[in-house]
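1. predicted model and sequence follow; I will ask about them next.
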Amino acid sequence: MFKGERKQDTNRKGRRFSRIRALAALMAVIMLLVQIVGAMPCERVSAEGDAADLRIVFTTDLHGQTTDVDYSKGVLFAKGGLTKAATLIKNARNEVPEGNTLLFDLGDVMYDYTTDYIYETDESATQPIYTAMSKLNYDAIILGNHDYEYTLPYIQKQYESSGLKDKVIASNITDAVTGKHVFHENKIIEKTLKTSNGQSVTIKVGVIGESIPTLSKKRCDYTGVLNGEDMVANVRKETKILKDAGADVVVVLAHSGVGSENPALMDENVGYALTQIDGVDAVLCGHKHSYFCADGSTKYDKYPGVDKETGLVNGKNLVMVANSGQGIGVIDLGISGDKTIVSRKSDIRKVKTNTAIDPDIEACMEKWGNVFAGIPSKA
């Protein structure tokens, strides 16, 4: 090889080695950046990225059924009771990132053999069912028609002594004299949700609580004491209030059944009609002691807008759960980075005979359970 050729070859090799060194340096910089980004705090969810799961769990119509014992008959109530429903609640919470769950109750917490006996025997005693609920850390609760049968002063004392006072919402019930709400009119709960990838999004959840507007007269007459407003009309009003206050999601807790397609004024079953209100995102129902989840198993599945494939009603989540802790309702809303709902799912989880008992909840009934054990059953 001539001298000129050797020189050209040497130059080419030098340029090649320079490019290799430059590429290696670039790769080192990229790897360093990857390490730095990996060590940075979690980014917020992008509008198109990984959605955060807002899980809504609820009970309804517990009717004093703290344990899996029917004290009126002296027999086991093996497929119900808050002691077992609590296990389902805790399992549902554990399936999503910590802090992503809201827990609600839809009323008729009282009205059974045990709550009546305690009310008539010792009005100063806190009902075990309320003590048990306080241990589960409910985010909001409402009243059912039967709760009002225990008189307003008694109800207020129960909430005070159990620590649930600040959780109570009664959007459509007001003082007949002052026009003011006796309990919270509504609530906005701010939640910072985590995605499976560790990203976060903070949203405001507006909560409305509806009771049957015609109040019970069993133990007291609320005429001139409390007024009830039509639930559909009230939800329309409260939804606007919450949206104007910045709520990203609006959830209705309704002590009400699914009802008809066009309920009458002051009707007690209006769940379907509530899904037709703009701004409402999810409707939670009870009162009827039965289940509904748009799965084709009820007469309501024939209504317009009921989609048995998605489990949605008029594009909204509508779930109704049975009584006495026999099951829980579970709604999942996928929330994007721009705080919109990008996915929906509804589910009902039922207590089984072999569902584990929560010992902390069972302990709430220990004192009164011993009392009831010494009373002849009504079987």
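-> Great, that's in hand. All values derive from a computational prediction rather than experimental measurement.
2. for the rest of this, base every contact and every neighbour count on C-alpha atoms.
-> Will do.
3. burial measure for D116, as a count.
-> D116 has 14 neighbouring residues, counting by other C-alpha atoms under 10 Å.
4. tell me the secondary structure of it, please.
-> helix (DSSP: H, G, I helix; E, B strand; the rest coil).
5. any idea which element Y154 lies in?
-> Assigned by DSSP states H and E, Y154 belongs to helix 152-162.
6. downstream of that helix, the next helix or strand is which one?
-> Downstream of helix 152-162 (by DSSP H and E), the next one is strand 173-175.
7. now do the helices in the chain.
-> 3-39, 82-94, 113-121, 128-135, 152-162, 231-244, 271-274, 359-363, 366-373 (DSSP state H).
8. can you give the distance of the shortest one from its chain's centre?
-> This means helix 271-274. Relative to the mean C-alpha coordinate of its chain, helix 271-274 is positioned 18 Å out (C-alpha atoms, centre = their mean, to the nearest Å).
9. likewise the second one?
-> Taking C-alpha atoms, centre = their mean, one finds helix 82-94 lying 13 Å from the centre of the chain it belongs to.
10. I figured L312 was touching V306, is that so?
-> Yes: here L312 reaches V306: they are 6.1 Å apart, a contact under C-alpha atoms under 8 Å.
11. overlap of the contact sets of those two?
-> Overlap of the contact sets of L312 and V306 (by C-alpha atoms under 8 Å, 6 or more residues apart in numbering) consists of A294.
12. check contacts around G329.
-> So G329 contacts I56, V57, F58, T59, V319, M320, V321, S346, D347, I348, R349 (C-alpha under 8 Å, 6+ apart).
13. spatially nearest residue to it (excluding sequence neighbours)?
-> Spatial nearest neighbour of G329, excluding adjacent residues (C-alpha to C-alpha, 6 or more residues apart in numbering): I348 at 4.8 Å.
14. what's the pLDDT at the one you found?
-> Here the pLDDT value assigned to I348 is 98.
15. begin at 17 from here
-> Done: numbering now begins at 17, and the last item shifts to I364.
16. and it, how far is that from D84?
-> Relative to D84, I364 is positioned 19 Å away (C-alpha to C-alpha, to the nearest Å).
17. between the two, which one's more packed in?
-> With neighbours defined as other C-alpha under 10 Å, I364 and D84 compare such that D84 has more, 23 against 18.
18. run through the residues that contact that one.
-> By C-alpha under 8 Å, 6+ apart, D84 lies in contact with L92, F93, A94, K95, G96, G97, L98, T99, K100.
19. surely the residue nearest to G345 and V346 touch.
-> Yes: applying C-alpha under 8 Å, one finds I364 in contact with V346, separated by 6.0 Å.
20. which residues are in contact with Y288?
-> Contacts of Y288 by C-alpha under 8 Å, 6+ apart are V274, G275, S276, E277, V329, L334.
21. and those residues as TSV, adding pLDDT?
-> Converted to TSV, the contacts of Y288 look like this (pLDDT from 0 to 100):
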residue	pLDDT
V274	98
G275	98
S276	97
E277	97
V329	98
L334	98
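22. how many residues are close by the nearest residue to M381 once chain neighbours are set aside?
-> Nearest residue to M381, sequence neighbours excluded (C-alpha to C-alpha, 6+ apart): P144, at 5.6 Å. P144: 26 surrounding residues under other C-alpha under 10 Å.
23. so who does P144 touch?
-> P144 sits next to G80, T82, C380, M381, W384 when contact means C-alpha under 8 Å, 6+ apart.
24. by neighbours, which of these wins?
-> Neighbour tally across the contacts of P144 (other C-alpha under 10 Å): the maximum, 31 neighbours, falls on T82.
25. how far away is that residue from P392?
-> 20 Å.
26. repeat for P144
-> Look at P144 and P392: by C-alpha to C-alpha, they are 20 Å apart.
27. do V241 as well
-> Distance check for V241 against P392: by C-alpha to C-alpha, it reads 39 Å.
28. cool, L168 as well?
-> Distance, L168 to P392, using C-alpha to C-alpha: 31 Å.
29. quick one, which of those two is more surrounded?
-> A direct count of neighbours by other C-alpha under 10 Å for L168 and P392 places L168 higher, at 16 against 11.
30. and the residue lying closest to V265 once chain neighbours are set aside, bridged to which residues?
-> Nearest residue to V265 in three dimensions, chain neighbours excluded: V221, at 4.9 Å (C-alpha to C-alpha, 6+ apart). Taking DSSP bridges as the rule, V221 bridges to I205, V265.
31. how many other residues sit next to V221?
-> Neighbours of V221 (other C-alpha under 10 Å): 21.
32. cool, E136 as well?
-> 9.
33. swap in Y319?
-> The number of residues packed near Y319 is 14, by other C-alpha under 10 Å.
34. was I right to think it contacts E277?
-> Yes: counting by C-alpha under 8 Å, Y319 touches E277, with 7.1 Å between them.
35. straight-line length of stretch 149-159, end to end?
-> End-to-end distance for stretch 149-159, by C-alpha to C-alpha: 14 Å.
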